Structures are given as structure tokens and as C-alpha cells.
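Undergrad: This is a predicted model, with the sequence first.
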Amino acid sequence: MSAIKSEAGTDVVAVMAEMGRAARAASHRLATATTAEKTKALLAAADAIVARTGEILDANRKDVAAAKEAGMTGAFLDRLTLDEGRLASVAGALREVAGLPDPVGTVMAEWSRPNGLSISRVRTPLGVIGVIFESRPNVTADAGALCLMAGNAVILRGGSDSYHSARAIHGCLVEGLRAAGLPEAAIGIVPTTDRAAVGEMLKGLGGAIDVIVPRGGKGLVGRVQEEARVPVFAHLEGLVHIYIDKSADLEMAVELVANAKMRRTGICGAAETLLVDAAAVGTHLGPILDALAAKGCAIRGDAAVQAAWPGAEPATEADWETEYLDAVIAVRVVSGAEEAIAHIGRYSSHHTEAVIAEDAEVVAAFFSQIDSAILMHNASTQFADGGEFGFGGEIGIATGKMHARGPVGVEQLTSFKYLVRGSGQTRP
């Protein structure tokens, strides 16, 4: 990457074109990389993160200080901030991905035809993946690791807010690639904060990029979906709903809602709207809202909620359409599961929804009638995460219906080809 200039003198078009060429060349090598090589690279990168924790935290402090000076919200700062515990989790995620089955070359299905042809469908890498993300520096490691294990080269473009943190983590990934003898361009990071770099990636870098994955706010994802000339794995927002049925266990409901909303308010799996069965208002609503308020959550409710719990602020139409990513929740009383399902169908972003109920028929209706990527029963929506699904992390949550849906892990970062074996057959 010697053509890359300093930030001040960056020729963005030339830099991005060179990154595309280098990534495409690296993708050919990765397509045939052995499991042992990829595993060695990931384990060495994890070791490097542990060894260079102080250096990464120093870089992160620069980003956090700049974000505070810019007046960023508490939720934003939470997503941006690293500490020793979070970095240990990043290293752990790299090791977990290293221990996953290698998807490349896996036979997905095989069968024989009456004419003697033997056909198999086999997993193959996608090629080169462009990942555009904002404030979460850990995405650098997650995306790099998952793309590598799936045999793909990746071009990472972090936001200016996480610039120093992402570059420090990227250095560890490159150290891992070197240790395994794999090309450094297999995991590239855009060396400029110039927004024009995003535009070049969305154009596809002259055919070098096979798919784009945006991970960030509504503005970023909307731009990517509107302007990209290559396929996109994306979710626009995580407008997550929880429905409390009259059959719900009260103690469970209180604990789950508090966790789903308040464990980390700034992640896409955090609950944003709470729907409560009218038959459960007298028993469930008060304890649930008391628990949320005790944790500092602001309650915005409809007229029925305000009547039952006077501390609620009036909810407006905009509240049912808002992903707060903050300690705020919109609450509505519904006449039962049917009305809850209708509300979700109207307002959902098709990310994650949960039902808390003991009535099996209610759960069955919820699961069959709601078309979101992740549906949960009696579990916190904060589990909407590739790492929690056993994927060793995720590159994002896809809410579309083509190719990948839900947490995007190593298998979702592959395509497939058909291998047809014959013994001289000709078609009559």
C-alpha cells in the first residue's frame, strides 16, 4: 500500500482504487487458504490485542476525548469506549472465531441424477467485502475475523469518531496475518477520514467489492442503501418490540424487560417499545415500569399507560417510530396478542421482537405472524447478537430477505457453487 499518502495529502480516488486492487489480489490467496493458516492468523491477532492493550486504550482515549468535546450522547460514548474488559472480550471473540468450523469447501448438499451425474453444492467465499461502520471500534476485529475465516478479503472504513481506536486494533490484525504468512491486504483499513472514501466504496472500486455491509446509524445505512452499486447486507434501525401477554410470569417479565431495555441502551437489540396486554395492566404494568424507572429509564405512554402509571410522559406518534438508543421507552396498552402483532407489523424495522408469555397459542401466533429477522420467547432482546448465537461475533444484523438474514457470521459471508461429476454423459 505504498501509494497511500498521509491524511493531509490523500488522493482518495487513487488510494481507494489501490485498496480495491490489493484486496482483490488478496482474496484469491484467501480463497485457498487452509484452516490452519486462518486459525493461526486469528490467534496471533488475539495475542497481539492482549499484548498491546495499553496502546489500544491510549488510542481510544483520544477518540473518546474528541467525542466528549463534540458533545456526543452517553449512548454514543458507551459504544465508542474501550476498557481492559472489553478488549479482553474482543480478543476472546477472535479466539472463538478461530475455533469455528471453516465454512469454505463445506458440502451443503449432494445428490445423484438418474443419468449418473453426481452433483454437490459447496460453500465458497464471497470475495471482497466492504464494511462501513461508525462508533464501535470492536467492529474492526469482528469484521476482520469473520471475513477472514470465511475466506474473504475485507476493506474496513471506520468513522472519524473511532479512527484512532480502529487503526490500533487493525494493527493487531495485520500482525496476525503476517504471522500466518497471509497477505496484509486481506484486512485493509481506509487510511483517511475523508467521506469521499465511502462514496468510492459504494461505487464498488471498479468491481473489486462484492458486497457492502454498513454498521451504524440510520443516516449511514440509508445512504449506503440508496447509493450502493453493489449488494448490501444491512438493517436501517433496530426498532425492537416486547409484548407482555396476560399469561406472562410477572417476575420473569419484570427482569426481562429491565434487561432488554437497560443493560446497554445503545445497541441495536435494546428494546424500544413495550406493548402490554390490557388484561395484564393491573398486575404487570406497574411493577415493570417501576423497575425501568428505578434504573433511570424515561417512560412515554399512551392514555391507558398514563392512567395506570401517572409518571409516564405522553407518547406521540413519533415515539412508536423511534429507535431511541437511550434510556427511553415507549409503552402502549393493547387488547391482546392480535393487536400487539398488528402494531409490530405497522411499526417494526424487522430486526428483533420478543413475546413474554406462558400461553403456547400466543407464542405460536407471534412466531408465525411476525416477519422479523429474530423472534424471541421469554428471553431478553439483548441476545440479538451473533456472539450470543454462537457465531463468534457478527458483522451486523441483516433485516433483508436476500442471502443473509439476522446475525451475519461466517456462513452468511459465503456463497456456493455446484460441482457436477460425470463419466462421459451427453445430453440427448
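TA: Yes, it's here.

Undergrad: What ranges in this structure fall below the confidence cut-off?
TA: Within the chain, the ranges that satisfy pLDDT under 70 run 1-10, 236.

Undergrad: Mind doing that once more with 80?
TA: 1-10, 75, 216-218, 234-236, 392-393, 401-402 (pLDDT under 80).

Undergrad: Please enumerate the helices of it.
TA: 12-31, 35-51, 53-69, 74-80, 84-98, 138-149, 163-180, 196-203, 218-227, 250-262, 286-294, 303-308, 337-347, 360-369 (DSSP state H).

Undergrad: Most tightly packed of the ones you listed?
TA: Across the helices of the chain, averaging neighbours per residue (mean count of other C-beta atoms under 10 Å) puts helix 138-149 on top, at a mean of 29. C-beta here means a position set from N, CA and C on the backbone, and glycine is covered the same way.

Undergrad: how about JSON lines for the helices of the chain, with distance to Asp210 added?
TA: Shown next, in JSON lines, are those (distance: least, C-beta to C-beta, whole Å):
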{"stretch": "helix 12-31", "distance to Asp210": "9"}
{"stretch": "helix 35-51", "distance to Asp210": "19"}
{"stretch": "helix 53-69", "distance to Asp210": "30"}
{"stretch": "helix 74-80", "distance to Asp210": "28"}
{"stretch": "helix 84-98", "distance to Asp210": "20"}
{"stretch": "helix 138-149", "distance to Asp210": "11"}
{"stretch": "helix 163-180", "distance to Asp210": "20"}
{"stretch": "helix 196-203", "distance to Asp210": "12"}
{"stretch": "helix 218-227", "distance to Asp210": "15"}
{"stretch": "helix 250-262", "distance to Asp210": "35"}
{"stretch": "helix 286-294", "distance to Asp210": "43"}
{"stretch": "helix 303-308", "distance to Asp210": "47"}
{"stretch": "helix 337-347", "distance to Asp210": "33"}
{"stretch": "helix 360-369", "distance to Asp210": "33"}
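
Undergrad: which non-adjacent residue is nearest Thr39?
TA: Excluding the flanking residues, the one nearest Thr39 by C-beta to C-beta, 6 or more residues apart in numbering is Ala98, at 4.7 Å.

Undergrad: My guess is that neighbour contacts Asp47. True?
TA: No - with contact defined as C-beta atoms under 8 Å, Ala98 does not count as touching Asp47 (11.0 Å).

Undergrad: hmm, back to that, and of the helices of the chain, who's closest to Asp319?
TA: helix 337-347 (9.9 Å; C-beta to C-beta).

Undergrad: what packs against the closest one?
TA: strand 240-244, strand 271-277, strand 328-334, strand 352-356, helix 360-369 (3 or more C-beta pairs under 8 Å, 6 or more residues apart in numbering; DSSP states H and E).

Undergrad: between the ones you listed, which one is nearest to Val128?
TA: strand 352-356 (29.2 Å).

Undergrad: Give me the residues contacting the closest one.
TA: By C-beta atoms under 8 Å, 6 or more residues apart in numbering, the list of residues contacting strand 352-356 from outside reads 238, 240-245, 248-249, 252-253, 256-257, 260, 268-269, 271, 337, 340, 344, 362-363, 366-367, 370, 372-381, 384, 397.
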